[in-house]
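Q: Pasted the sequence and its predicted model underneath.
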Amino acid sequence: MKRISLLFSLILILSGCQSKISPSITPSPTSGNAQSLSQFVTDIETLAQNFSQTLEMADASSAEDLPETIHQLQAIREDVRSLTAPSPALQTKVALDSYMYSKIQCYFKRLVTPNPTIEWTTESEKDLCSLSASRLDYFHQKLNELED
């Protein structure tokens, strides 16, 4: 019992001798961070516009040309994924990536539909494509928050 109390006293004394941990100061946003955020917004807007233009091409594509257009859409998505986003912009980047993923899946579904006479606006496709529309709305919401 004496050993335990002696050991406890020793631990208590040693822990009291440790240096105090001082609170750290959170770094404030600098002009470099503001510049990188501004550059990110410019880059992501450009990629979103390129994606929209390629979607217009996909809508006008024949079934034979659709794989090449899907490949272009995937390349733009990879460009978005390779962007380095400042911490305030991470949700915006993920929102755009999520939108692009669901939109590409919508076109994949159109590509693999076995019957070419099926309308492009079937009920299941509406569900898949409406998901991408809601994700696009979320991306625009996050982008507007960054710009404010």
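A: Now that the structure is in, tell me what you want to look at. Numbers count the residues shown, from 1 in each chain.
Q: which stretches of this structure form helices?
A: 2-16, 31-60, 66-82, 90-112, 123-147 (DSSP state H).
Q: Can you lay out the ones you listed as JSON lines showing mean pLDDT?
A: Putting the helices of the chain into JSON lines (pLDDT from 0 to 100) gives the following:
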{"stretch": "helix 2-16", "mean pLDDT": "71"}
{"stretch": "helix 31-60", "mean pLDDT": "89"}
{"stretch": "helix 66-82", "mean pLDDT": "94"}
{"stretch": "helix 90-112", "mean pLDDT": "90"}
{"stretch": "helix 123-147", "mean pLDDT": "80"}
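Q: ranking those by burial, who's on top?
A: helix 90-112 (a mean of 19; mean count of other Cβ atoms under 10 Å). Where C-beta positions appear, they are placed from N, C-alpha and C, glycine not excepted.
Q: got the angle between that one and helix 66-82?
A: Orientation check (axes from the mean of the first three to the mean of the last three Cα atoms, to 10 degrees): helix 90-112 against helix 66-82 gives 170 degrees.
Q: residue nearest the centroid of this protein?
A: The centroid of the chain falls nearest to V94 when counting by Cα atoms, centre = their mean (1.1 Å).
Q: how about that residue, what does it touch?
A: Applying Cβ atoms under 8 Å, 6 or more residues apart in numbering to V94 gives no contacts.
Q: I'd like the distance between it and A34.
A: V94 is 21 Å from A34, where distance means Cβ to Cβ, to the nearest Å.
Q: With P86 instead?
A: Counting by Cβ to Cβ - P86 and A34 are separated by 9 Å.
Q: Excluding chain neighbours, what is closest to Q91?
A: K142 (5.2 Å; Cβ to Cβ, 6 or more residues apart in numbering).
Q: Now do the same contact list for the one you found.
A: The contact partners of K142, taken as Cβ under 8 Å, 6+ apart, are Q91, T92, A95.
Q: Q39: which of these is nearest?
A: Nearest to Q39, judged by Cβ to Cβ, of these is T92 at 13.3 Å.
Q: doesn't L146 make contact with the closest one?
A: Yes: T92 is within contact range of L146, at 5.7 Å (criterion: Cβ atoms under 8 Å).
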